[in-house]
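Trainee: Sequence and predicted structure below; questions after.
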Amino acid sequence: MSQSNERRVAVNDLMDFCRRALATTGMSIDDAYTTADALVATDTMGVFTHGTKLLAGYLNRLRGGGYDPKGRPKIEREGPSWAVIDGETALGQVGSVFAMQTAIDKASKTGVAYVGLRNTGHIGAAGYHAWLAAQKGMIGMVVGNDIPSVAAPGSRGPVLGSNPLAYAVPVEDGDPILLDVATAAVAGGKVYAAHQRGETIPPTWLIGPDGHPTTDGSLYPKQASLAPMAGHKGYGLGLWCEILSAVLPGGAMTWQVGSWMFDPADQPSKHNAGFLAIDVATIAPPTDFTARIRSLINEIHASPKADGVDHLLMPGEREWSNRRQAMTKGIPLPADVIEKLRLAAEMTGYHPDWLAN
């Protein structure tokens, strides 16, 4: 997207807008801040499909009753290194931050902890929640499930959701290694965004109703499915996400999960997620781990490069670069994000100057 179609917005201004908008639903100040931070941080990294573009949809479901603005996630059952949490239909960011913090607290005592979160809202960017663990010197992993939108190899319709898998690894003298991927060939939000912008859909993104690839973005999601990432490999990873996020903690599976975007606003979506925290200091001498992870990064950076390639990137390296620029120069929000933020402004009656035409 060209610079003329972008609008730079200061991080603090966008945070303030999101907090105020969420507060109009009756959400607590703390929960509004938690959600706003997750959405805005995702935008700073340049992952605009999972940032503040989601705000208007969240407001719609909070106002409609499908998501409870006063929902308080609670631990249903637990052990020293595990827990299962009922998200109480609160926003997924609220439940996910609570779940990862629970995993972090338990891992600090036992070394490794798993937490399953069921009955929550759409969790947004899984990588944000994995990053919370890395901020505490821990390795974090997050998986989630969604209503089926992804084909299995050979299927003529969706079998699994575009189930996310993310991990974050702390690097003492640098940015965390951070990977956040959908187990589909592409996130559904990217299909919507590309189609809305009138861009051609690559033939590797969608599977048509006949079970073959299609470039017609208008078919998704009613008549087309997302292709699984890397064929059977992505299908297998998506299934793993379903097991850790939904099967193990007893949450809604596959078609039991609702569509937070398309179902009536008074219906909960019953999303689920799984969280893993590994306390590096418990398992490895911290100085040894620091040296070894730095050695691994340096080795990859120093590997021979193809012609025209200046730098081999670690997962997350581009996103951290985007974030540093956004924190100082503002976030370059694409036109489709601005459009959704204007919708949120209409819904709440709060119209900041930077959002005006």
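Mentor: All right, it came through fine.
Trainee: How much space separates the residue nearest the centre of the chain from H351?
Mentor: Closest to where the C-alpha atoms of the chain average out (CA atoms, centre = their mean) is A125, at 1.3 Å. Shown here: A125 relative to H351, a distance of 27 Å by CB to CB, to the nearest Å. From N, CA and C alone the C-beta is placed, and that goes for glycine too.
Trainee: Can you give me the distance of the nearest residue to K70 once chain neighbours are set aside to R63?
Mentor: Nearest non-adjacent residue to K70, counting by CB to CB, 6 or more residues apart in numbering: G26, 6.2 Å away. Distance, G26 to R63, by CB to CB: 9 Å.
Trainee: quick one: the residue nearest to the centre of the chain and T44 touch, right?
Mentor: No - here A125 lies out of contact with T44, judged by CB atoms under 8 Å, at a distance of 11.1 Å.
Trainee: Let me see the ranges of the helices in the stretch 51-200 of the chain.
Mentor: With DSSP state H, counting those that start in this stretch as the criterion, the stretch 51-200 of the chain has helices at 55-64, 92-110, 126-135, 188-196.
Trainee: so after the shortest one, what's the next helix or strand?
Mentor: So that's helix 188-196. strand 206-207 (DSSP states H and E).
Trainee: Run a quick check on V9 versus V337, I expect a contact.
Mentor: No - V9 lies out of contact with V337 (CB under 8 Å); the separation is 9.4 Å.
Trainee: the strands in the stretch 101-250 of the chain, which residues?
Mentor: Along the stretch 101-250 of the chain, counting by DSSP state E, counting those that start in this stretch, strands occupy 112-120, 138-144, 150-151, 158-160, 164-169, 177-182, 206-207, 213-214, 225-226.
Trainee: Could I get these in CSV, plus columns for mean pLDDT, distance to L333 and mean neighbour count?
Mentor: As requested, these are arranged in CSV below (pLDDT from 0 to 100; distance: least, CB to CB, whole Å; neighbours: other CB atoms under 10 Å):
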stretch, mean pLDDT, distance to L333, mean neighbour count
strand 112-120, 98, 27, 25
strand 138-144, 98, 25, 28
strand 150-151, 97, 28, 25
strand 158-160, 97, 31, 23
strand 164-169, 98, 22, 26
strand 177-182, 96, 19, 22
strand 206-207, 96, 26, 27
strand 213-214, 94, 30, 18
strand 225-226, 96, 25, 28
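Trainee: Those strands: which one's closest to G330?
Mentor: Closest approach to G330 among the strands of the stretch 101-250 of the chain is made by strand 177-182 (21.9 Å; CB to CB).
Trainee: Tell me, how many residues neighbour the residue nearest to K70?
Mentor: G26 has 12 neighbours, counted by other CB atoms under 10 Å.
Trainee: Isn't V84 up against G116?
Mentor: Yes - using CB under 8 Å, V84 is in contact with G116, at 4.8 Å.
Trainee: hey, what's in contact with both of these two?
Mentor: P249, G250 (CB atoms under 8 Å, 6 or more residues apart in numbering).
Trainee: Which strand residues bridge L178?
Mentor: A168 (DSSP bridges).
Trainee: List the contacts of it.
Mentor: G127, A130, W131, A134, A166, Y167, A168, V169, P315, G316, E319, W320.
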